[in-house]
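*Asks:* Could you work out the structure for the sequence below:
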Amino acid sequence: GLQAARDLYAKQGLYYVNRIHHGPNMIHSKTPIRSIEDFRDLKLRVPGGMIAETFAKAGAKTTLLPGGEVFSALEKGTIDAADYTGPAVNWALGFQQVTKYISMGPAGLMSVYQPVDLMDFAVNMNVWNQLPDNLKKFVEDEIQVYSNAHFGSIQKADMEAWQKFLDAGIEINRLGPEDLQKFQEIAVPIWFEWANKDKDAARIFKLQLEVMENPTVGYVTPDMYQGLTINL
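*Replies:* Below you'll find the predicted structure:
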C-alpha cells in the first residue's frame with residue numbers, strides 16, 4: 001500500500017512519506033439510530049463520495065457540510081445527525097450539547113462505514129530529491145513514530161471520553177450484525193463502481209480487496225461480489 005500511494009503522489013509531483021493514523025468515525029444524532037431502518041429519511045451530514053452514496057441507498061437524506069459547520073447545523077436542526085470523528089474530538093467540539101444519541105457498529109466495530117481516518121505527510125518531490133539519504137530516512141522514521149504515537153494517544157483519549165458522554169446523558173446505541181450485512185450488500189457494488197472510474201483507483205482497490213479477503217481480516221468473501229469485476 002505504501003508504494004502504491006507513493007506512485008500515485010509522484011504523478012502529482014509529491015513524495016508521499018507515510019500515513020498518519022487517527023481513528024474511526026461515529027454518528028451523533030438527535031434521534032436514536034438502532035438499526036439500518038432508522039436511517040430512512042434522516043437528514044445526515046456525511047463527507048461525500050462512497051459514504052454518501054451508501055447512506056443514501058439506505059434511505060438517508062445526505063448532505064455535505066464542511067467540518068466547521070456541523071455543530072451549528074445540528075444546533076439549528078438543519079440536520080438530524082452527523083458523521084464525524086471519534087469520541088475525544090467530538091466531545092471537545094461540544095457535540096453532546098446538540099445531540100442526544102451516538103450510533104456505532106456491532107460490538108467490536110465502532111464504525112461500519114469509515115473504520116479509520118488517515119492523514120498523510122507529503123513533500124514536494126523536487127525538495128525531497130534534494131535531501132541527503134540520511135535525512136530522508138530520518139523523516140520517514142519520524143513520521144512512522146509520530147503516526148504510532150498519535151494513534152495510541154487518540155485511542156487513550158477516546159476511551160476516556162466515553163464516560164464523559166455517559167455522564168452527560170448521551171445514549172450510546174449499536175447496530176446489529178444483521179444491519180452490518182445489509183450495509184455490505186449496499187456498499188460492495190458501490191466499491192466496484194468507484195474503483196472502475198479510474199485505472200489507478202482500480203489498482204488500489206484490488207490491493208485493498210486482497211487485504212479484506214485475507215483470512216487475517218475475513219471481512220469480504222468472493223460470494224459477496226459475485227458478478228462484479230475490477231477493470232484493471
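*Asks:* where does the residue nearest the centre of the chain land in three-state SS?
*Replies:* In the chain, the centroid-proximal residue (CA atoms, centre = their mean) is Gln114; its distance is 2.7 Å. Following DSSP: H, G, I helix; E, B strand; the rest coil, Gln114 is assigned to coil.
*Asks:* gap between it and Thr85?
*Replies:* Distance, Gln114 to Thr85, by CB to CB, to the nearest Å: 9 Å. (C-beta placed from N, C-alpha, C; glycine too.)
*Asks:* Could you pull out the residues contacting both of those two?
*Replies:* Between them, Gln114 and Thr85 share these contacting residues under CB atoms under 8 Å, 6 or more residues apart in numbering: Asn25.
*Asks:* The residue nearest to the centre of the chain and Pro24: what is the separation?
*Replies:* For Gln114 relative to Pro24 (CB to CB), the value is 7 Å.
*Asks:* same question, Glu140
*Replies:* For Glu140 relative to Pro24 (CB to CB), the value is 26 Å.
*Asks:* what about these two, which has more around it?
*Replies:* Set Glu140 next to Pro24 and count neighbours by other CB atoms under 10 Å: Pro24 wins out with 19 against 15.
*Asks:* Please name the residues that touch the more buried one.
*Replies:* Contacts of Pro24 by CB under 8 Å, 6+ apart are Gly86, Met110, Ser111, Gln114, Pro115, Val116, Asp117.
*Asks:* same question, Met224
*Replies:* Gln184, Val188.
*Asks:* Check it and give its pLDDT.
*Replies:* Predicted confidence (pLDDT) for Met224: 96.
*Asks:* where's it relative to Gln184, distance?
*Replies:* 6 Å.
*Asks:* Against which helices or strands is the host helix or strand of Met212 packed?
*Replies:* Following DSSP states H and E, one finds Met212 within helix 199-213. For helix 199-213, the packing partners by 3 or more CB pairs under 8 Å, 6 or more residues apart in numbering; DSSP states H and E come out as helix 2-10, helix 177-195.
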